[in-house]
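Trainee: got a predicted structure plus its sequence, pasted below:
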Amino acid sequence: MSLLAVRGLTKRFGGLVATDHLDIDVARDELHAVIGPNGAGKTTLIAQLAGTLAPDAGTISMDGLDVTRRSAHARVAHGIARSYQVTNVFRRFTALDNAALAVQACAGSSFRFFRPARREQALFDEAQALLARVGLRDRVQVPAGELAHGEQRQLEVALALASRPRLLLLDEPMAGMGPDESERMVTLIAGLKGSVTIVLVEHDMDAVFRLADRISVLVYGRVLATGTPAEIRANADVRQAYLGSEAVV
């Protein structure tokens, strides 16, 4: 059984159909990339999977449970976490405090006071472990707003991992990065493979083809093709959809 099964997912914005009776399956423990031209519906798909955008039709099942009408908060509790295209961290707090707050939230601790949370050594130990996992071991005391762009994206992945997800949705994690930062993110994501199922939306085709176990290509809100990186490279329909772009040849 697939960990994630999407059937007939449809979302309209007026006359625009962003996802059009979309079907997709994501196997347990795989890294499944979703690619496509601008406007293909990739981010709309991620938002529907995360529960921040309600579909007009169709179903989303996670590990056999229909979560289509469940809130984003309920989906986190069921094991779904996401990152965003735009970095979403508390810029004045240190990287450690950001991670600790994420751990605290996922543990259901009270937010009435922050000082008592600092006394919970286990909470901060887990936060430090998360930061080490994403390559920020030496940056824990740096305010998030002073981290480099790539480091902020690494921090955001740590925040998503705080909920110990079974399904991690990564929406363009390499957006705005230079070559060195992108390479660090590729290494980070590669290190997560096998420990969590990942759906990756990304425009960096070199990264996609290096990382993905399978790739689904979206065009006009529908899946044009799904296959291994080699199968997608060889697919004539995909090549035509990208107008001969070298990114997929």
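Mentor: Thanks, I have it. Residues are numbered from 1 along each chain as shown.
Trainee: residues near Gly191, how many?
Mentor: Using other C-beta atoms under 10 Å, the number of residues around Gly191 comes to 12. Glycine gets a C-beta too; all of them are placed from N, C-alpha and C.
Trainee: sorry, wrong one. I was asking about Arg91.
Mentor: 12.
Trainee: that one: what secondary structure?
Mentor: Secondary structure for Arg91, judged by DSSP: H, G, I helix; E, B strand; the rest coil, is coil.
Trainee: surely Leu131 meets Asp97?
Mentor: No - Leu131 lies out of contact with Asp97 (C-beta atoms under 8 Å); the separation is 10.8 Å.
Trainee: have a look at the two and say which one is more surrounded.
Mentor: Leu131 (23 against 20).
Trainee: could I get the contacting residues of that one?
Mentor: Leu131 makes contact with Ala95, Leu96, Ala99, Arg137, Arg139, Val140, Leu155, Ala158, according to C-beta atoms under 8 Å, 6 or more residues apart in numbering.
Trainee: now it: how far from Asn98?
Mentor: Using C-beta to C-beta, to the nearest Å, Leu131 is found at 9 Å from Asn98.
Trainee: shared neighbours, these two?
Mentor: Common neighbours of Leu131 and Asn98 (criterion: C-beta under 8 Å, 6+ apart): Leu155, Ala158.
Trainee: in strands, which of the contacts of Leu131 appear?
Mentor: Among the contacts of Leu131, no member falls in strands (DSSP state E).
Trainee: output these as a markdown table; include the columns distance to Arg184.
Mentor: Formatted as a markdown table, the contacts of Leu131 follow (distance: C-beta to C-beta, whole Å):
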| residue | distance to Arg184 |
| --- | --- |
| Ala95 | 15 |
| Leu96 | 19 |
| Ala99 | 18 |
| Arg137 | 13 |
| Arg139 | 12 |
| Val140 | 17 |
| Leu155 | 12 |
| Ala158 | 13 |
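Trainee: wait, which of those residues is closest to Glu30?
Mentor: Nearest to Glu30, judged by C-beta to C-beta, of those is Ala158 at 21.9 Å.
Trainee: what residue lies at the spatial centre of the chain?
Mentor: Leu170 (1.6 Å; C-alpha atoms, centre = their mean).
Trainee: next, the contact list for that residue, please.
Mentor: Leu170 neighbours (C-beta under 8 Å, 6+ apart): Arg82, Ser83, Val157, Ile189, Ile198, Val199, Leu200, Val201, Glu202.
Trainee: same question for Gly39.
Mentor: No contacts exist for Gly39 under C-beta under 8 Å, 6+ apart.
Trainee: please parse this structure into its domains.
Mentor: For the chain, the structural domains run 1-79+165-249, 88-164, going by automatic domain parsing.
Trainee: from Val89, how far off is Thr187?
Mentor: Distance, Thr187 to Val89, using C-beta to C-beta: 21 Å.
Trainee: can you check Leu169 too?
Mentor: 17 Å.
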